[in-house]
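Undergrad: Build me a model:
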Amino acid sequence: MREAVTISLSKELKERLDKLANSEKVNRSEIVKEALKRYLAVNEFQKIRRQMIPKAESRGIFSDEDIYKIVS
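TA: Model (predicted):
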């Protein structure tokens, strides 16, 4: 089930959104939905990452390079 949400944007942001919607041939809602999905995914990833950092560090994993060495 879909529900409507009302948001307020600055004039500049709305103009940029409209310009993008026109150039991409999609409506504003599609752009905002996609942006929100990405934001939520990144936010969830960061939350999980913050939880995992202490566990990784306790095993001597401090960088992406350390992870690469383990998986390659």
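
Undergrad: on contacts alone, who are the packing partners of the longest helix anywhere in the chain?
TA: Longest helix in the chain, counting residues (DSSP state H): helix 28-58. Packed against helix 28-58 by the contact rule (3 or more CB pairs under 8 Å, 6 or more residues apart in numbering; DSSP states H and E) you find helix 11-24. (C-beta placed from N, C-alpha, C; glycine too.)

Undergrad: What are the buried residues along the helix it packs on?
TA: A21 (16 or more other CB atoms under 10 Å).

Undergrad: And stretch 57-72, by the same measure?
TA: Buried-residue list, stretch 57-72, by 16+ other CB under 10 Å: I61.

Undergrad: quick one: average pLDDT of it?
TA: Stretch 57-72 shows a mean pLDDT of 91.

Undergrad: So what touches that stretch?
TA: A56 (CB atoms under 8 Å, 6 or more residues apart in numbering).

Undergrad: Distance from the chain centre to the longest helix of the chain, please.
TA: Centre-to-centre, helix 28-58 and its host chain are 6 Å apart (CA atoms, centre = their mean, to the nearest Å).

Undergrad: Can you name the element that comes right after it?
TA: helix 64-71 (DSSP states H and E).

Undergrad: Look up how far R28 lies from E15.
TA: 11 Å (CB to CB, to the nearest Å).

Undergrad: Any regions of this protein where pLDDT drops low?
TA: Applying pLDDT under 70 to the chain flags no residue at all.

Undergrad: Could you report the neighbour count for R28?
TA: Using other CB atoms under 10 Å, the number of residues around R28 comes to 14.

Undergrad: which residues does it contact?
TA: Contacts of R28 (CB under 8 Å, 6+ apart): 17-18, 21.

Undergrad: go on, Q51?
TA: With CB under 8 Å, 6+ apart, Q51 has no contacts at all.

Undergrad: before we move on, what about K37?
TA: K37 neighbours (CB under 8 Å, 6+ apart): none.

Undergrad: Next one: it from E44, what distance?
TA: Distance from K37 to E44, by CB to CB: 11 Å.

Undergrad: now swap in I53 and tell me
TA: Counting by CB to CB - I53 and E44 are separated by 15 Å.

Undergrad: Noted, bye for now.
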